[in-house]
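Trainee: I would like to see how this sequence folds:
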Amino acid sequence: MGSAIRLILGIPGAAIVTALLFMAMAWMIKQDAQLGDERAALNINITQQLEDTNLSSNKEFKRPTLDTPPPPPPSVVDASNRPSLDGVRAQVPVLNTNLSIGTGFNPDRDAQPLVRIPPQYPERCMSRAGAKETVFVEFDVTPDGTTTNIRVVDSTNSCLNSAATKSVERWKYQPKIVENKAEWRRGVQTAITFELAEN
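Mentor: You can find the predicted model right below:
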């Protein structure tokens, strides 16, 4: 209900305000037209005053003198002063070799050790062991790089055989690669040295 009353009163009010604004603008335009004649009489002209200068009073421009280039070097006409062009002459040796350098890339490789854990010197063997003992072991490397089939080949002290095989069980290898496939590497032999620390 309140919005309907506002609408009824607002439309005539807006029309009255618009009419008054048009009348005020018309009155202002009439006033400006009457003052236009008086404004035309008033004319202010501001220009910059330029003075002519006499160029003959200035000193004449003088070009700078450039340094003269050095004279060219004297030409040598004496033939005895020229170097000799005769060099040492030798025959190129002929090599009769048939070398095959291949493609430069060979992906095949043998098993490579990655982790070698040193053995622990057993206390029970210290009393009857020398200062330096060696155990020779042989084992196989599986395609996944672990050691297996560990056996003692030779030993300077049989008391150390068990410690040597337990150490080799924990070693890790890069497997043998043949034609981009991991394969077994059988019969790997190594020497394990036991040394007693001197007290």
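
Trainee: Please count neighbours and contacts with C-alpha atoms only from this point.
Mentor: Fine.

Trainee: tell me the strands in the chain, going along the chain?
Mentor: 112-115, 132-141, 147-155, 172-174, 176-178, 181-183, 185-195 (DSSP state E).

Trainee: which secondary structure elements does the first one contact?
Mentor: For strand 112-115, the contact count by 3 or more Cα pairs under 8 Å, 6 or more residues apart in numbering; DSSP states H and E identifies strand 172-174 as packing neighbours.

Trainee: what's the strand it packs on in contact with?
Mentor: 111-116, 141, 144-147 (Cα atoms under 8 Å, 6 or more residues apart in numbering).

Trainee: mind redoing it with 7 Å?
Mentor: With contact meaning Cα atoms under 7 Å, 6 or more residues apart in numbering, strand 172-174 is reached by 111-116, 145-147.

Trainee: Now do the longest helix anywhere in the chain, average pLDDT.
Mentor: With secondary structure taken from DSSP state H, the chain has its longest helix at helix 2-41. Helix 2-41 shows a mean pLDDT of 80.

Trainee: Which positions in it come out as buried?
Mentor: When neighbours are counted by 16 or more other Cα atoms under 10 Å, no buried residue of helix 2-41 is found.

Trainee: Which elements pack onto it?
Mentor: If contacts are counted by 3 or more Cα pairs under 7 Å, 6 or more residues apart in numbering; DSSP states H and E, helix 2-41 sits against no helix or strand.

Trainee: CA atoms of stretch 17-30 as PDB?
Mentor: Extracted in PDB, the C-alpha atoms of stretch 17-30 (Å, rounded to 0.1, in the frame of the first residue of the first chain):
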ATOM      1  CA  VAL A  17      10.800  19.100 -11.100                       C
ATOM      2  CA  THR A  18      11.700  18.200 -14.700                       C
ATOM      3  CA  ALA A  19       9.600  21.100 -16.100                       C
ATOM      4  CA  LEU A  20      11.200  23.600 -13.700                       C
ATOM      5  CA  LEU A  21      14.700  22.400 -14.800                       C
ATOM      6  CA  PHE A  22      13.900  22.900 -18.500                       C
ATOM      7  CA  MET A  23      12.600  26.400 -17.800                       C
ATOM      8  CA  ALA A  24      15.800  27.300 -15.800                       C
ATOM      9  CA  MET A  25      18.000  26.000 -18.600                       C
ATOM     10  CA  ALA A  26      16.000  28.000 -21.200                       C
ATOM     11  CA  TRP A  27      16.400  31.200 -19.200                       C
ATOM     12  CA  MET A  28      20.200  30.600 -18.800                       C
ATOM     13  CA  ILE A  29      20.500  30.200 -22.600                       C
ATOM     14  CA  LYS A  30      18.800  33.500 -23.200                       C
END
